[in-house]
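Trainee: Show me the folded form of this:
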Amino acid sequence: MAKFADNKIEAFAGPYELGASDNLEDVIINFIDGAKKSMFIAVQELDSEPIAQAIIDAKWRGVDVRIILEQDYLASDKIPKAKPKESETQAEAARRVQWNEYRRPKTQKTNRDILSALLRNSVDVKADYNPKIFHQKFIIRDYEGKKRSTSAVLTGSTNFTYTGTHKNYNHIVIFHEYRICRPYLLEFEEIRSGNFGALSLREKSIPKTYNLNGVPVRILFSPDDSPELEIVKQMLKCRNRLDFSIFTFSASSGIDDAMVMLRAAEREIQGVFDPGQGKMDWAATHWLHNEGIKVYFPQKKPGFGKLHHKLMVIDEDIVVGGSFNYTAPANDYNDENVFVIGSPFDLPARKGGPVDHAECAKITAFFRGAINQIIQNSDRYE
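Mentor: Modelled structure (predicted):
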């Protein structure tokens, strides 16, 4: 864990079981434990019972808790074909097995047990209506339009699961700033009203850049704000070096093209891919490697699940992170959030300035260190 901008920004990388700095499950629980008034959670998956209990504890102490989950993780396995018994019709057999949940090792029963516990404790829970992927991972704490000393946002690449916090490489960032809470609250209310993904009805506006004690922070949401374009714009500011760590990176995005152009301009670029996603035919891996970009895959050691980051570090100036994978669906259909921290330029106040470049360099050093820690336990793609 590291703190920046006079404690306005906290950064975490996990899992500690694989040599990273932080226990991400504890980070999430501690953030929840700090809620005094309200807590609005939008997360793709919740199967961590300790996190769920922390949410219920918050409800017990009077916190207004509202949650949105991806409904696909609440579905049971498909019921096996029912074989009628003697004197039983096919329809009767189907009805008989309908209420006897079919169990397999990969069942999502834990998710449903947690949902039941939340509902038993009168927690307001909704499932998404997005036919694509509801991919958000954020919590708004103690902000309903009014500034409080505990107002903050937790976001990043981490799902609230045992695997996500203990087996997958992930990151979390906490912004202790009510102004950062505002766009997240607007997004949460929009999602909660049923305006998901490409169905969003929000009037498009240019995302603002906020200054957190000398550090510019910009928040974007997919598909409303076309984050891919913003990421490419940030990449074009690269003068020397770009590092990335990504779960899914397809050749359908424009980000790979921008990387190739930067490499042609003699920028140093290296990145680490999830070994499962990165070896798919549609992945950008081969194309980037052939153009001289250093590509790595984490070694499959005991305890390793996935590389789940969506993380980019540009020079000593910029960090891009959040839930956004580098794919066309993430940009066009999915519900995602992206944060951009830092700037190589001196900015006017209306654009997030003035910039404390030394503080931006500290933030990039933390996240570049997280990427390098993975690369040290990876194999070069050849």
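Trainee: Every contact and neighbour count from this point should use C-alpha atoms.
Mentor: Fine.
Trainee: Straight-line length of stretch 147-165, end to end?
Mentor: 30 Å (CA to CA, to the nearest Å).
Trainee: For that stretch, which residues meet the burial criterion?
Mentor: 150-165 (16 or more other CA atoms under 10 Å).
Trainee: Looking at these, spot the one nearest S38.
Mentor: Distance to S38, by CA to CA, is smallest for S151 among the buried residues of stretch 147-165, at 9.3 Å.
Trainee: Not counting sequence-adjacent ones, nearest residue to that closest one?
Mentor: Spatial nearest neighbour of S151, excluding adjacent residues (CA to CA, 6 or more residues apart in numbering): D142 at 4.7 Å.
Trainee: quick one: which of the buried residues of stretch 147-165 sit in strands?
Mentor: When DSSP state E defines the strands, the subset of the buried residues of stretch 147-165 inside them is A152, V153, L154, T155, G156.
Trainee: Name the residues that touch the longest helix anywhere in the chain?
Mentor: Secondary structure of the chain per DSSP state H: the longest helix is helix 357-375. With CA atoms under 8 Å, 6 or more residues apart in numbering as the test, helix 357-375 has contacts from 2, 4-5, 11, 13, 19-20, 214-215, 243-245, 272, 296-298, 313-319, 341-344.
Trainee: Setting the sequence-adjacent residues aside, check what's closest to F31.
Mentor: The nearest residue in space to F31 (CA to CA, 6+ apart) is L154, at 7.7 Å.
Trainee: whoops, I mixed them up, V43
Mentor: Spatial nearest neighbour of V43, excluding adjacent residues (CA to CA, 6+ apart): K137 at 4.3 Å.
Trainee: Could you do E17 as well?
Mentor: Per CA to CA, 6+ apart, closest to E17 is H166, 6.5 Å.
Trainee: check contacts around the one you found.
Mentor: By CA under 8 Å, 6+ apart, the neighbours of H166 are G14, P15, Y16, E17, N23, L24, E25.
Trainee: Against G34, how distant is the residue nearest to S151?
Mentor: The separation that D142 has from G34, given CA to CA, amounts to 9 Å.
Trainee: go on, G278?
Mentor: 38 Å.
Trainee: check which helix or strand covers V340.
Mentor: Following DSSP states H and E, one finds V340 within strand 336-341.
Trainee: do the same with Q53
Mentor: Using DSSP H and E, Q53 sits within helix 49-60.
Trainee: Need the contact partners of that helix.
Mentor: The contact list for helix 49-60 (CA under 8 Å, 6+ apart) reads 25, 28-29, 32-33, 35, 46, 65, 114, 118, 121, 123, 160.
Trainee: Over to stretch 171-185?
Mentor: 7-14, 24, 140, 143-145, 147-148, 150-158, 210, 212, 219, 309.
Trainee: Pretty sure F40 sits in a helix.
Mentor: No - counting by DSSP: H, G, I helix; E, B strand; the rest coil, F40 falls outside a helix, being strand.
Trainee: Would you enumerate the residues in contact with it?
Mentor: Residues in contact with F40 (CA under 8 Å, 6+ apart) are V65, R66, I67, I139, I140, R141, F188.
Trainee: Look up how far A11 lies from it.
Mentor: 20 Å.
Trainee: rewinding a little: more neighbours, G278 and G34?
Mentor: Comparing G278 with G34 by neighbour count (other CA atoms under 10 Å), the higher total belongs to G278, at 22 against 15.
Trainee: Torsion angles phi and psi at A82?
Mentor: phi -80, psi 130 (degrees, to the nearest 10).
Trainee: Please work out how many residues are found near it.
Mentor: So A82, with other CA under 10 Å, has 15 neighbours.
Trainee: Could you check how many residues crowd around G19?
Mentor: That count, for G19 with other CA under 10 Å as the rule, works out to 14.
Trainee: need the contact list for it.
Mentor: Contacts of G19 by CA under 8 Å, 6+ apart are Q373.
Trainee: got the buried residues for the helix or strand harbouring R96?
Mentor: Following DSSP H and E, one finds R96 within helix 90-98. Within helix 90-98, the residues that count as buried by 16+ other CA under 10 Å are A94.
Trainee: how far is it from where the chain is centred?
Mentor: 41 Å (CA atoms, centre = their mean, to the nearest Å).
Trainee: Can you report how many residues lie near K301?
Mentor: 10.
Trainee: rewinding a little: filter the contacts of helix 357-375 to the buried ones?
Mentor: By 16+ other CA under 10 Å, the contacts of helix 357-375 give 4-5, 11, 13, 20, 214-215, 243-245, 272, 296-298, 313-319, 341-344 as buried.
Trainee: and these, which of them are in strands?
Mentor: Per DSSP E, strands hold the following members of the buried ones among the contacts of helix 357-375: 4, 11, 13, 215, 243-245, 272, 296-298, 313-314, 318-319, 341.
Trainee: thinking again about what came up before, make JSON lines from the contacts of F40 and add pLDDT to it.
Mentor: Shown next, in JSON lines, are those (pLDDT from 0 to 100):
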{"residue": "V65", "pLDDT": "98"}
{"residue": "R66", "pLDDT": "98"}
{"residue": "I67", "pLDDT": "95"}
{"residue": "I139", "pLDDT": "98"}
{"residue": "I140", "pLDDT": "99"}
{"residue": "R141", "pLDDT": "99"}
{"residue": "F188", "pLDDT": "93"}
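Trainee: Low-confidence stretches in this protein?
Mentor: For the chain, the stretches with pLDDT under 70 are 72-80, 98-108, 128-132, 195-204.
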